[in-house]
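K.L.:
quick one, what's the 3D model for this:
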Amino acid sequence: MIRTLINSWKVKELRRKLLFTIMIIIVFRIGSIIPVPFLNVDALAGMMGNLGESGAILTYLDTLSGGAFAQATIFAMSVSPYINASIVIQLMTVALPYLESLQKEGEEGRKKITAITRYVTIILALAQGTAFYLYLRSGSFEGQSIVRYTDGIEGIFVAVIIVLSFTAGAALMMWLGEQINAKGVGNGVSILMFAGIVSRMPSLIAQLVTYLSWAASEPKFFWKFYIYVPLFIILFLFMMWIIVFMNDGERRIPIQYAQRTVGRKMYAGQNTHIPLKVGIAGVMPIIFATSILAIPNFIRFFTKPTGIWKTILDSFSINGTVYTICYFFLIFIFAYFYVEITYNPIEMANNLRQSNGAIPGIRPGKPTADYFVKVLSKVTFMGALFLAVIALLPIGFTNLTGMQSLSMGGTSIIIMVGVALETVKQLESQLMMRHYKGFLG
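P.N.:
Numbering: from 1, shown residues only. Next up, the predicted model:
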């Protein structure tokens, strides 16, 4: 990874892309420390610190935003509205013929879908910003109100300013991500999430050290300290290793090209392969599943339900059984869904036949398409199982040891390592395209 970054820095065009990506990350971090007007940041920080397990989902969002959520800055919403909008549009693409036709129109269709996603992002950001304002308006810490003005004309003006600030911040985050896609390196949204998680790692490690120090000082927890700490380190290293190992795993489909004549020259047949990565969908199923499961926790936290609704929403608490089961199946669903919208087996079979290629032992046409479907299904299953197991391991460890917040920390590790590996792979592919000699040297 370090060699790839060094070699990329030597190429002028890649160096420009890296510097542009770093500049966007700096802008993101600056926006993460600019508070929204009319808010008591100290009171908000105190209230967020006393949330406990009931505010685990807010703590997770704070991690993704790099601390912006707890400080109610202009980037408090982070990329959550854009991710949710992308999920909605991708799901609607399967259900609505209009969006499905746009997807098949090529570049122009994708531009229209991107524009629709932007509008949906603004709507969701406005709704999420309003909910966050209502939460802040009703909150206080040690007698201090978080929102400075809540009544009369001043209260209405303050509410509009706060909600619009959150919405504008989410829109700016979406734009920054698109700029990274166009002029930088890696997936823009993933890079911003990566930057947010990395910026929070020192404080998360400090919290873990504080917890372990407390456990070591308590006589009844002292023996657990010598068991849980090594277990945690082993689990962390295992997760890092398996993520890297599975990221490089692939299923190679052998391809044989027949002899062909071009003009007066005859080209001999070639044997090659089509690589299908085990982690085809990358970290997107994790991100999508987490975003969907955040909805019940948001509703429970902001509305304070009672009766049967409280029982239902409480069952979706983080580290709970229902949450774990839904998390497992949603990862599988989104993994298969991502592959479904990314790969078209029929188109792959047709392109292979048009280039005089064939899979040994498989007839061209429909049998080849069916073979692609079968292989993609198996590869996707293994990739989804890998993601699900890695995502659920920290939850099981948390339930076993009682060390809170490690389940969401595990999700952060998956996103962080996955985004880093995907970005490095993209740099390697661009180096290979430019025939950079030092890359293989």
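K.L.:
which SSE is immediately downstream of the helix or strand encompassing residue 154?
P.N.:
Using DSSP states H and E, residue 154 maps to helix 152-183. Downstream of helix 152-183, the first helix or strand assigned by DSSP H and E is helix 188-217.
K.L.:
rewinding a little: tilt between the helix holding residue 154 and helix 188-217?
P.N.:
Going by axes from the mean of the first three to the mean of the last three CA atoms, to 10 degrees, helix 152-183 is angled at 110 degrees with respect to helix 188-217.
K.L.:
name the residue closest to the centre of this protein, please.
P.N.:
residue 287 (3.7 Å; CA atoms, centre = their mean).
K.L.:
buried ones in the helix holding residue 154, by neighbour count?
P.N.:
158-159, 162-163, 165-171, 173-174, 176-177, 179-180 (16 or more other CB atoms under 10 Å). Just so you know, the C-beta spots here come from the backbone N, C-alpha and C atoms, and that holds for glycine as well.
K.L.:
quick one: mean pLDDT over it.
P.N.:
Confidence for helix 152-183, expressed as mean pLDDT, is 89.
K.L.:
one more: stretch 394-407?
P.N.:
67.
K.L.:
and for stretch 416-423?
P.N.:
According to the model, stretch 416-423 has a mean pLDDT of 80.
K.L.:
residues in contact with that stretch?
P.N.:
With contacts defined as CB atoms under 8 Å, 6 or more residues apart in numbering, stretch 416-423 is touched by 1, 185-187, 190-191, 193-194, 197-198, 240, 243-244, 247, 279, 282-283, 286.
K.L.:
buried members of the residues you listed into ChimeraX, please.
P.N.:
One line in ChimeraX is enough to select the buried ones among those; burial here means 16+ other CB under 10 Å:
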select :185,186,187,190,191,193,194,197,243,247,279,282,283,286
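K.L.:
give me the buried positions along the longest helix along the chain.
P.N.:
In the chain, assigned by DSSP state H, the helix with the most residues is helix 366-401. Neighbour counts over helix 366-401 (16+ other CB under 10 Å) mark 368-369, 371-372, 375-376, 379-380, 382-388, 390-398, 401 as buried.
K.L.:
related to what we said a few turns ago, packing partners for the helix holding residue 154?
P.N.:
Using 3 or more CB pairs under 8 Å, 6 or more residues apart in numbering; DSSP states H and E, the elements in contact with helix 152-183 are helix 12-31, helix 80-95, helix 107-137, helix 188-217.
K.L.:
how far away from the center of its chain is the third one?
P.N.:
Which is helix 107-137. Relative to the chain's own centre, helix 107-137 is displaced by 17 Å; criterion: CA atoms, centre = their mean, to the nearest Å.
K.L.:
what strands flank whatever helix or strand comes next after it, and is each parallel or antiparallel?
P.N.:
Going down the chain from helix 107-137, the next helix or strand is strand 140-141, by DSSP H and E. Strand 140-141 pairs in its sheet with strand 144-145 (antiparallel), by DSSP bridges.
K.L.:
check contacts around the residue lying closest to residue 118 once chain neighbours are set aside.
P.N.:
Of all residues not flanking residue 118 in the chain, residue 174 sits nearest, at 6.6 Å (CB to CB, 6 or more residues apart in numbering). Counting by CB under 8 Å, 6+ apart, residue 174 makes contact with 79, 81, 82, 118, 121.
K.L.:
which stretches in the stretch 201-350 of the chain count as helices?
P.N.:
Along the stretch 201-350 of the chain, the stretches classed as helices by DSSP state H, counting those that start in this stretch are 219-248, 284-303, 307-314, 321-342, 345-354.
K.L.:
which positions within the fourth one qualify as buried?
P.N.:
By neighbour count, and taking 16+ other CB under 10 Å as the criterion, the buried residues in helix 321-342 are 323-324, 326-328, 330-339.
K.L.:
specify which member of those residues is nearest to residue 140.
P.N.:
residue 323 (29.2 Å; CB to CB).
K.L.:
for the closest one, which residues are in contact?
P.N.:
293, 315, 316, 317 are the contacts of residue 323 under CB under 8 Å, 6+ apart.
K.L.:
swap the cut-off to 10 Å and go again
P.N.:
Contacts for residue 323 (CB atoms under 10 Å, 6 or more residues apart in numbering) come out as 293, 296, 297, 315, 316, 317, 395, 407.
K.L.:
distance of it from residue 295?
P.N.:
Going from residue 323 to residue 295 by CB to CB, to the nearest Å gives 12 Å.
K.L.:
spit out the residues that contact these two alike.
P.N.:
Common neighbours of residue 323 and residue 295 (CB under 10 Å, 6+ apart) are residue 316.
K.L.:
what stretches of the stretch 251-400 of the chain score poorly on pLDDT?
P.N.:
258-269, 301-304, 319 (pLDDT under 70).
K.L.:
return the set of buried residues in stretch 31-46.
P.N.:
So, applying 16+ other CB under 10 Å, buried residues of stretch 31-46: 31, 32, 35, 36, 38, 39, 40, 43, 44, 46.
K.L.:
and if you look at stretch 114-127?
P.N.:
Buried-residue list, stretch 114-127, by 16+ other CB under 10 Å: 116, 117, 118, 120, 121, 122, 124, 125, 126.
K.L.:
mind saving the C-alpha coords of it as CSV?
P.N.:
As requested, C-alpha coordinates have been extracted for stretch 114-127 and formatted as CSV (Å, rounded to 0.1, in the frame of the first residue of the first chain):
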residue,chain,number,x,y,z
THR,A,114,-27.8,11.4,-10.4
ALA,A,115,-29.9,14.6,-10.6
ILE,A,116,-32.9,12.9,-9.1
THR,A,117,-30.7,11.5,-6.3
ARG,A,118,-29.6,15.0,-5.5
TYR,A,119,-33.1,16.3,-5.2
VAL,A,120,-34.1,13.3,-2.9
THR,A,121,-30.9,14.0,-0.9
ILE,A,122,-32.1,17.6,-0.2
ILE,A,123,-35.5,16.4,0.8
LEU,A,124,-34.2,13.8,3.2
ALA,A,125,-31.6,16.2,4.6
LEU,A,126,-34.4,18.7,5.2
ALA,A,127,-36.4,16.1,7.1
